[in-house]
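S.K.: output the structure for:
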Amino acid sequence: KELGVTHVHILPSYDYGSVDETRLQDNVYNWGYDPKNYNAPEGSYSTDPYNGAVRVSEMKQMVKTLHDNQISVIMDVVYNHVYNASDFCVNQIVPGYFSRVDADGKYSNGSDCGNDTASERSMVRKYIVDSVKYWADEYHIDGFRFDFTKGFTQKQTTGDDDLAATDPARVSVLKEYYEAVKAVKEDAMVTMEHFCANEETTLATEGIHFWRNMNHSYCQSAMGWKDNSDFSGLYDTTRPNQFVGYMESHDEERCAYKQIEYGNGALKTNLSERLKQLSSNAAFFFTVPGPKMLWQFGEMGYDISIDENGRTGKKPVLWEYQTERKSLVDIYTKLITLRTTHSDLFNASSQFTWKVSYNDWDNGRTLTLKAVNGKQLHVYANFTNASIDYTIPEGTWYLYLENGNPVEGEKKISVPAHEFRLYTNFAE
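M.R.: Have a look, this model is predicted:
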């Protein structure tokens, strides 16, 4: 709440198969992308997995507490496959109905997830629709992120290229799921991990959001390497408000960890310099229009590898970073506050330009945002190991994140290595 986030995205929280709830002492953990019972909360997250009422009430209490703090809840859902098709409850009742079966009588695996949901069947689609409506209505979930939605293909496929090919029937099914959520909660946010660019354009016009993975580019800049550090893919010029950009997610390596392992010069050895570079990353992330997602503890420069204790294993919670790395936490907080306090700068009508390609690295990267009401924002970031000079435009400007004292334009400024400056034509 202090950070200013508006939504919390929880990983799949229905009952999933990889954690044995009767053996929690084994300390097994997983992300939850292996659904077993879609409409029951995961027992390993409750204080008493043997009592169904407890997991239900505690899940509801969690959502209510977040709502009481003006934070919406987005839940990750996985309907394109199940943990074990043979044991799945619907297939037990009607064998081979929920999961697609190939000509040899085996469960098909076109999505490479072990089995494929037969979403071409009307009662399968109804089951999925009823499930998301149940979570939205009963648990007051505010939105959903549908995992790997290209896996909802309505045909047998032979590989990833075939799976990603345009499938009008798949588009129709995904629209149906989206409309089901909106029917229960009109302002619900629906996001899909789709990986089919041609279909994303079509579905975005309906109001569906899509993930925009920028991990590699922002890791490269965090480490101080200009190769493959182009940020331009973060901003979609056609429908910027429909793409949820992120530097890190549950499924990507941490920028701060890669700094330690592969950083250029001081970025490998000096924590202070690493935090400055991560702050510059943030300045060229949160000032870009469109929804943004940050992974937990990214604001603290979390530097434990995703592979620590196994990729999906538990990671240490380092609350001490909140104090030790307060400079980065404060930058994140102020940038998020800027977005929420001056939302008119970040809507689709604003003029947005930036220079963030490979060729813009050595002379410094720049970003400009101009609202129709006259508000302006300029960011200058130096991702290199030597200072860079810039000339700010004519006018009166304020260092928004610092003391707020006015600075006259048409003036040369020097930005030290790894740092950034953010100027606005308005005070805080």
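
S.K.: where in the stretch 301-428 of the chain is pLDDT low?
M.R.: The stretch 301-428 of the chain contains no residues with pLDDT under 70.

S.K.: rerun that using 80 as the cut-off
M.R.: Counting by pLDDT under 80, the ranges of the stretch 301-428 of the chain that qualify are 403-405, 410, 428.

S.K.: and the end-to-end length of stretch 258-270?
M.R.: 13 Å (Cα to Cα, to the nearest Å).

S.K.: any idea how far it is from the chain center?
M.R.: 25 Å (Cα atoms, centre = their mean, to the nearest Å).

S.K.: buried residues, it. List them.
M.R.: Buried positions in stretch 258-270, judged by neighbour count with 16 or more other Cβ atoms under 10 Å: 258-260, 263-264, 266-268. (Each C-beta comes from the backbone N, C-alpha and C, glycine too.)

S.K.: which two of the residues you listed have the greatest separation?
M.R.: By the measure Cβ to Cβ, 258 and 266 form the most distant pair in the buried residues of stretch 258-270, at 15.0 Å.

S.K.: mind checking which of the buried residues of stretch 258-270 are in helices?
M.R.: Within the buried residues of stretch 258-270, residues falling in helices by DSSP state H are 258-260, 266-268.

S.K.: which one of the residues you listed is nearest to residue 335?
M.R.: For these, the nearest to residue 335 is residue 259 (19.6 Å; Cβ to Cβ).

S.K.: ok, now how distant is that closest one from residue 401?
M.R.: Distance of residue 259 to residue 401, given as Cβ to Cβ, to the nearest Å: 22 Å.

S.K.: if we can go back for a sec, could you export the buried residues of stretch 258-270 to JSON lines, including columns for pLDDT?
M.R.: Listed next are those as JSON lines, based on pLDDT from 0 to 100:
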{"residue": "258", "pLDDT": "98"}
{"residue": "259", "pLDDT": "98"}
{"residue": "260", "pLDDT": "98"}
{"residue": "263", "pLDDT": "98"}
{"residue": "264", "pLDDT": "98"}
{"residue": "266", "pLDDT": "98"}
{"residue": "267", "pLDDT": "98"}
{"residue": "268", "pLDDT": "98"}
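
S.K.: TSV please, covering those residues and showing distance to residue 288.
M.R.: As requested, the buried residues of stretch 258-270 are exported to TSV (distance: Cβ to Cβ, whole Å):
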residue	distance to residue 288
258	21
259	22
260	26
263	24
264	24
266	27
267	23
268	27
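
S.K.: from those, pick the one nearest residue 227.
M.R.: residue 264 (10.8 Å).

S.K.: kindly list the main-chain dihedrals of the closest residue to residue 30 other than its chain neighbours?
M.R.: In space, residue 30 comes closest to residue 18 once its chain neighbours are excluded; the distance is 4.3 Å by Cβ to Cβ, 6 or more residues apart in numbering. For residue 18, the backbone dihedrals (degrees, to the nearest 10) come out as phi -80, psi -10.

S.K.: gap between residue 18 and residue 312?
M.R.: 8 Å.

S.K.: and residue 199, what does it touch?
M.R.: For residue 199, the contacting residues are 150, 166-167, 170-171, by Cβ atoms under 8 Å, 6 or more residues apart in numbering.

S.K.: kind regards, and thank you for your time.
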